[in-house]
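Undergrad: structure for this input, please:
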Amino acid sequence: MGTLVMKFGGTSVGSAEAITQAADLVQEYAARWQKMVVVVSAMSGVTDALIRSARAAEMGDDTTYRAIIGDLRSRHHDVVGRLLTQGGERVQLLATVDRLIDELSSFCYSVHILGELTPRALDAISSLGERINARIFAAVLRRRGLRSEAVDATQLIITDDNFQNAAPLMEITRAKVSERLRPLLDDGVIPVVTGFIGATEQGVITTLGRGGSDYTAAILGDCVDAAEVWTWTDVDGVMTADPRLVPDARVIPTLSYSEVSELAYFGAKVLHPKTILPVVQRGIPLWVKNTFNPSCPGTCITGEPEQERGRIKAVTAIKGMSMVTVEGRGMLGVPGIAARTFSAVARQGASVLMISQASSEQSICFVIPTETVSRVVRAIEEEMARELARSDIDRVWSWDDVVIVTAVGAGLRNTPGVAARLFGALGQASINVIAIAQGSSECSISLVVEAKDAAGAVQQIHKEVILNGG
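TA: Next up is the predicted model:
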């Protein structure tokens with residue numbers, strides 16, 4: 001069967017019960033695959049707690065950071081106590097947990113004394129959750145009679161020094177993985193690798209940013225020529241819509257990389273596109289599965305979209321948006337207005353999620369997070385002061401409290417009638433569409449609606465277009 005890489009997210013290894021369930025899965029599939037690599041996250045909530053302890057130390061709040069460290073020590077001790085009975089392995093593991101928690105204490109003390117938290121120090125601190133959990137998980141596997149060893153990804157994944165969001169140096173990483181992991185795999189050992197972290201060529205700890213443990217699994221999947229990569233989480237797979245909004249949302253059996261990218265960009269809780277790129281480039285299938293419902297097949301993500309093109313597979317929404325409009329009859333035929341507008345936006349560091357421009361060139365509108373809107377409008381007004389003074393531009397204004405609703409599916413651009421079905425569904429529910437945009441990726445159509453209509457829009461598109469054969 002080749003090599004399988006399995007990654008367990010924070011909720012999948014977030015308690016003694018969850019770790020037991022995850023270990024059951026490893027034991028079950030280890031019997032079916034020739035070789036296996038396991039990647040683990042920190043226990044759910046631990047990385048956030050580590051960051052809070054560092055921030056408290058930076059602010060001089062030693063009471064808070066010491067309390068957080070005490071809670072983390074107790075939580076990990078409790079989990080070890082519940083997973084391992086009395087014996088040498090338990091004593092040794094508790095000593096290792098204490099050593100790593102003491103390391104956290106030393107880091108926080110240094111930050112407290114200096115009053116400064118550098119990105120480098122924050123990476124060292126936020127790496128500790130994975131470093132502890134990998135050792136606990138490997139010990140649990142050994143207790144079940146499986147040969148297993150915890151491996152810090154600092155020995156495997158070599159990155160640049162862009163702390164907090166490091167990029168892997170794949171050539172060196174491949175060499176390190178070959179040197180460190182292949183002998184273990186050839187010897188029938190299951191490596192339990194820390195997700196989320198890596199190290200510079202000088203050995204300084206880095207973290208891989210958002211979705212870091214998924215990224216670790218994908219990088220290792222590439223480097224060990226895995227047959228498949230499975231990422232275990234707390235949902236049955238990628239859903240057709242947010243089940244909190246749409247109770248009858250379903251699991252999507254297959255998605256292409258481009259479809260996942262659109263879904264992730266437009267706010268769905270799925271894999272971050274960057275994190276799965278290594279396996280997609282190698283054509284390695286990646287599965288999203290539920291640790292707590294392992295009989296559900298999950299979602300398979302592959303490089304190419306399936307042949308059934310033009311079908312809407314999912315609908316998602318991003319809240320907390322504002323739509324900014326630059327309008328004026330004098331803009332007609334004046335070159336450079338759009339370029340200057342978006343230069344002004346970029347100078348404010350605002351992220352533009354959607355753009356729509358009328359062919360008459362009399363208005364440009366774009367959607368940005370509401371928290372950036374006041375400074376963006378001010379920056380555009382300053383940039384366009386001359387045009388506003390001579391009324392080439394009438395006004396720059398924002399429509400706040402809007403939501404981007406996005407329908408995703410491969411090949412939408414070349415499929416007649418898709419937009420008609422979407423707008424027909426919204427028309428039935430008397431929902432007004434403020435603006436529209438379609439990406440050149442052919443994978444998505446985005447609509448802007450008022451926040452009060454967002455839930456209704458998602459539910460209506462899901463019901464009329466996805467469930468009824470969109």
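
Undergrad: and Arg135, its phi and psi?
TA: Phi and psi for Arg135, reported as degrees, to the nearest 10, are phi -70, psi -40.

Undergrad: contact partners for the residue nearest to it when sequence neighbours are not counted?
TA: Excluding the flanking residues, the one nearest Arg135 by Cβ to Cβ, 6 or more residues apart in numbering is Ala150, at 4.5 Å. Every residue, glycine included, has its C-beta placed from N, CA and C. Going by Cβ atoms under 8 Å, 6 or more residues apart in numbering, Ala150 touches Ala134, Arg135, Phe137, Ala138, Pro191, Val192, Thr194.

Undergrad: Ile301 too?
TA: Taking Cβ under 8 Å, 6+ apart, one finds 238, 254-257, 260, 271, 276, 280, 285-288 in contact with Ile301.

Undergrad: by pLDDT, give me the weakest of those.
TA: Least confident by pLDDT among these: that is Leu271, with 79.

Undergrad: coming back round to it: mind checking which of the contacts of Ala150 are in helices?
TA: Ala134, Arg135, Phe137, Ala138 (DSSP state H).

Undergrad: how many neighbouring residues does Arg131 have?
TA: Residues near Arg131, counting by other Cβ atoms under 10 Å, number 21.

Undergrad: any idea which helix or strand carries it?
TA: Taking DSSP states H and E as the criterion, Arg131 maps to helix 128-143.

Undergrad: other SSEs contacting that helix?
TA: Judged by 3 or more Cβ pairs under 8 Å, 6 or more residues apart in numbering; DSSP states H and E, the packing partners of helix 128-143 are helix 16-30, strand 35-40, helix 46-58, helix 62-83, helix 88-114, strand 148-151, strand 190-194.

Undergrad: identify the residues contacting the fourth one?
TA: Right, the one you point to is helix 62-83. With contacts defined as Cβ under 8 Å, 6+ apart, helix 62-83 is touched by 15-16, 19-20, 43, 46, 49-50, 52-54, 56-57, 90, 93-94, 97-98, 101, 104-105, 108, 112, 132, 136, 139-140, 143.

Undergrad: narrow those to those that are buried.
TA: With neighbours counted using 16 or more other Cβ atoms under 10 Å, the contacts of helix 62-83 contain these buried positions: 15-16, 19, 43, 46, 49-50, 53-54, 56-57, 90, 93-94, 97, 101, 104-105, 108, 112, 132, 136, 139-140, 143.

Undergrad: Cys296 should be in a strand, yeah?
TA: No - counting by DSSP: H, G, I helix; E, B strand; the rest coil, Cys296 is not found in a strand; it is coil.

Undergrad: check the gap between Gly188 and Ala134 for me.
TA: Noted for Gly188: a distance of 19 Å to Ala134, by Cβ to Cβ, to the nearest Å.

Undergrad: just want to know which of the two has more residues nearby.
TA: Just comparing Gly188 and Ala134: by other Cβ under 10 Å the higher neighbour count belongs to Ala134, 28 against 12.

Undergrad: so that one is in contact with Ile190, correct?
TA: No - checked against Cβ atoms under 8 Å, the pair Ala134 and Ile190 is beyond contact range at 11.6 Å.

Undergrad: and the strands in the stretch 301-450 of the chain?
TA: Ranges of strands in the stretch 301-450 of the chain, per DSSP state E, counting those that start in this stretch, are 314-327, 354-357, 363-369, 395-408, 435-438, 444-450.

Undergrad: for the second one, which outside residues touch it?
TA: Where contact means Cβ under 8 Å, 6+ apart, the residues beyond strand 354-357 that reach it are Ala338, Ser363, Ile364, Cys365, Phe366, Val367, Ile404, Ala435, Ile436, Ala437, Ser446, Val448.

Undergrad: buried residues in it?
TA: Of the residues in strand 354-357, Met354, Ser356 count as buried by neighbour count, 16+ other Cβ under 10 Å.

Undergrad: go on, stretch 76-83?
TA: Of all the residues in stretch 76-83, those buried under the rule 16+ other Cβ under 10 Å are His76, Val79, Val80, Leu83.

Undergrad: how far off centre is it?
TA: Using Cα atoms, centre = their mean, to the nearest Å, the distance from the centre of stretch 76-83 to the centre of the chain it belongs to is 29 Å.

Undergrad: next, format the strands of the stretch 301-450 of the chain as CSV and append distance to Arg375.
TA: Shown next, in CSV, are these (distance: least, Cβ to Cβ, whole Å):
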stretch, distance to Arg375
strand 314-327, 11
strand 354-357, 19
strand 363-369, 10
strand 395-408, 11
strand 435-438, 22
strand 444-450, 21
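
Undergrad: present the ones you listed as JSON lines; the columns should include mean pLDDT and distance to Ala175.
TA: Formatted as JSON lines, those follow (pLDDT from 0 to 100; distance: least, Cβ to Cβ, whole Å):
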{"stretch": "strand 314-327", "mean pLDDT": "93", "distance to Ala175": "39"}
{"stretch": "strand 354-357", "mean pLDDT": "86", "distance to Ala175": "42"}
{"stretch": "strand 363-369", "mean pLDDT": "92", "distance to Ala175": "41"}
{"stretch": "strand 395-408", "mean pLDDT": "93", "distance to Ala175": "38"}
{"stretch": "strand 435-438", "mean pLDDT": "84", "distance to Ala175": "44"}
{"stretch": "strand 444-450", "mean pLDDT": "91", "distance to Ala175": "39"}
